[in-house]
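Asker: need a structure here:
(chains A and B)
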Number of protein chains: 2
Amino acid sequence: MKITAIRETAIPLKSSLRNAVFDFSEMTTSVVAVITDVIREGKPVAGFAFNSTGRYACGAQMRERLIPRILKANPESLVNAAGDNLDPEKILACMMQREKPGGHTERSVPIGAIEVAAWDAVAKISEKPLHRVLAERYNGGKTIDKIPCYVGGGWYEPGKGLKELQDEIRAKLDQGYTTMKIKVGGAPVPEDVARVEAALKVVNSSANLAVDANAGFDRNRALAYAKALAPYKLRWFEEPTDPLDYSLLAEFGAIYDAPIGTGENLFSTQDVQNLVRFGGLRADRDIIQTDVPQSYGVVQFSRTLEMLKREGWQRKSVFPHGGNQMTLAIVGGFGLGGCEAYPGVFGIFAGFADDAKVESGYLKLPDRPGIGFEAQNALYAVMRDLAAG
Amino acid sequence: MKITAIRETAIPLKSSLRNAVFDFSEMTTSVVAVITDVIREGKPVAGFAFNSTGRYACGAQMRERLIPRILKANPESLVNAAGDNLDPEKILACMMQREKPGGHTERSVPIGAIEVAAWDAVAKISEKPLHRVLAERYNGGKTIDKIPCYVGGGWYEPGKGLKELQDEIRAKLDQGYTTMKIKVGGAPVPEDVARVEAALKVVNSSANLAVDANAGFDRNRALAYAKALAPYKLRWFEEPTDPLDYSLLAEFGAIYDAPIGTGENLFSTQDVQNLVRFGGLRADRDIIQTDVPQSYGVVQFSRTLEMLKREGWQRKSVFPHGGNQMTLAIVGGFGLGGCEAYPGVFGIFAGFADDAKVESGYLKLPDRPGIGFEAQNALYAVMRDLAAG
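Answerer: Numbers count the residues shown, from 1 in each chain, chains lettered A, B, ... in the order given. Now for the predicted structure:
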């Protein structure tokens, strides 16, 4: 069997979102199709993925060197020992030829998107949902029925006051979520404290509210927030510092006793190792949030988990970035802590199967073969067209 | 005044080079032209740069978001207070809009290339060589006549033995170089020790020989080389570990007392801060080697130098990566330790002015306005065509 073609296209997110440091008005993402010569239901099996959200489309790197490396390779060098399916570990190694050490993001995002699309094809060829394939390979076959899923929101908007924030949270609870993450850092400290207090009144428990600063604080502001919010013992405080400023994160953690979450802007196993070694993080409470399709994909993520285990971390402490079905399958397959959701926020790239329903804060894993994009009508329309060429 | 156009083109390096971990057979680089409406000698002033060597061309990021951001900005927002020249700091800030924190390389390389091209235009509009413009802005006006320049080589080739290595080094000394850097890690330890001993016989002094492992060692091999080469007290040992493995670098340094050089694969001020804080580096002897056009350019480099000063480092400890005229101007302008040279190795992108001559290990700074690419015939032919559109 072999890969016959890999196609990619860049799609604008068309999002008017804005957080404390960043707006998404120009944001794009690359959708990838890995097409094989294996036939299922009369058609060649195609695997799909996209490069999550928050990093721009990366089709040029795919077209100019990553896809040519795969298509030039001997097809036998990219399949498993039985010769009946793709081997994503070999596909990753093939793409990593002639890449200098370090400097990850320029390639970790396009490589990760292609690698995850290869996994979608692997699962479809196996006629299993991806979470089951991953559980067999990476979690002793343990399958999980449902995944803890929290919802993100609480953006700043002109004219949005405490009441509107509470209404937003109430609407999310009505949808079946129990835990909500809201933005901080877009207002002065006392105003954000008031927002946290207002939100806590709706979610009922401090274990049901997280906050996210999107790496927008300098030292003074980070430490001010650490002092101001520590007493609330929230579910976690996300990205209180520059993602690479491990010294400042350690200072923050020395003041802020409740859990800290970070990692969505680290793209290599080595960066995550530095985070846990130098960032003062605490394996008994803190949360690691790397984005799998932006960080070389599933095989490299399994290496990150092995490293984290050596450093004393449990899988339950990992909540991967990206509220989408790729993340859902990965959380289920590896037995991680949980998944995030941004319903209706990132256009066709947000959310799960169209018929997915959150119940009491949990999402059921789908039974469809592969990642399950086929049950997301608007997104799958793009993928189907891409596979058709 | 304003920028009227920014153009880029990708050029293959056509290099058959191979080091311990990497070959350059697919390598490309982006050449950039920043064209202004300022007229000198009857023609619009154009600034030029390229994204150094070792990271692939990055024109897609330029075309899709970086160039449009600059061309959409109010031209008055990108010039100095007098309104008579570009302000690269403002151009950098303009390009950084809507970029998430962390994950640098995907944009630090294209942004750096555009920013350095803007500096070339700034210097031409000022009718001064770039090193003088930078000295006035960043080094109290101190100008330097000549720059210490070492030469890189000593690659592995089939059939190349100790005698051929010594002949290679002798040829470089005949060209006027005094200090040579050779590769290690492409052979077993005893063979590399023999190569170092053979090389030392030709360069005469351990201060005139550096070695470069290109980040290719795992822990065992790194520590074996530390023990084997420490007694030779070489000029420096370059990239003995993965560029981001600060823990292992600290272990290496605990064994290896002589100077260590690293940094060409770190692309942000924050990464370099982590290197000096967590990598066990010693400000009294070690060498920092970031690549300016690959790391957001000159303005961000000045911030890296400020950070390094706060951490106790002197400018003489900085030897920027990239044996080209951009680096030469930056070393001269900021008063750094020295420059590297790879004559004849990276096609049109290697080396300095066609009439440049190394004497006793020093290169004279050019007097031409700007970076001085106009004196590199083969490279300037590409740049001139690009500016002509």
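Asker: Skip ahead from the helix or strand harbouring residue A:44 and say which helix or strand is next.
Answerer: Counting by DSSP states H and E, the element that carries residue A:44 is strand A:43-50. Per DSSP H and E, the first helix or strand lying C-terminal to strand A:43-50 is helix A:59-61.
Asker: Flag every buried residue along the next helix or strand after that next one.
Answerer: Where DSSP H and E defines the elements, the next helix or strand beyond helix A:59-61 is helix A:67-72. Residues of helix A:67-72 classed as buried: A:67, A:69, A:70 (neighbour count, 16 or more other CB atoms under 10 Å in any protein chain shown). Where C-beta positions appear, they are placed from N, C-alpha and C, glycine not excepted.
Asker: right, and the helix or strand after helix A:67-72?
Answerer: As assigned by DSSP H and E, the chain's next helix or strand after helix A:67-72 is helix A:88-95.
Asker: hang on, the earlier thing: check the buried residues of helix A:67-72 against residue B:234 and report the nearest one.
Answerer: residue A:69 (36.0 Å; CB to CB).
Asker: Give me the pLDDT value at that closest one.
Answerer: As predicted, residue A:69 sits at a pLDDT of 98.
Asker: Distance of it relative to residue A:96?
Answerer: 9 Å (CB to CB, to the nearest Å).
Asker: on that earlier part again, quick one: the strand holding residue A:44 to helix A:88-95, angle?
Answerer: Relative orientation of strand A:43-50 and helix A:88-95, computed by axes from the mean of the first three to the mean of the last three CA atoms, to 10 degrees: 70 degrees.
Asker: ok, strand A:43-50: who's next to it in the sheet?
Answerer: Partner strands for strand A:43-50, per DSSP bridges, with pairing direction: strand A:28-40 (antiparallel).
Asker: residues of the strand it pairs with that come out buried?
Answerer: Neighbour count says strand A:28-40 has A:28, A:29, A:30, A:31, A:32, A:33, A:34, A:35, A:36, A:38 buried, by 16+ other CB under 10 Å.
Asker: can you check stretch A:255-263 too?
Answerer: Quick answer for stretch A:255-263 (16+ other CB under 10 Å): A:256, A:258, A:259, A:260, A:261, A:262, A:263.
Asker: how about the residues of the stretch 1-150 of chain A near chain B?
Answerer: A:10, A:21-28, A:54-61, A:64-65, A:98-106, A:109 (CB under 8 Å from any CB of the partner chain).
Asker: Any of the residues you listed buried? List them.
Answerer: A:10, A:21-22, A:24, A:26-28, A:54-61, A:64-65, A:98-106, A:109.
Asker: and the lengthiest helix in chain A, what does it pack onto?
Answerer: Ordering each helix of chain A by length in residues (DSSP state H) puts helix A:105-126 first. With contacts defined as 3 or more CB pairs under 8 Å, 6 or more residues apart in numbering or on different chains; DSSP states H and E, helix A:105-126 has these neighbours: strand A:3-12, strand A:28-40, strand A:43-50, helix A:59-61, helix A:88-95, helix A:130-138, helix A:298-310, helix B:105-126.
Asker: One more pass at 7 Å, please.
Answerer: Packing partners of helix A:105-126 (3 or more CB pairs under 7 Å, 6 or more residues apart in numbering or on different chains; DSSP states H and E): strand A:28-40, strand A:43-50, helix A:59-61, helix A:88-95, helix A:130-138, helix A:298-310, helix B:105-126.
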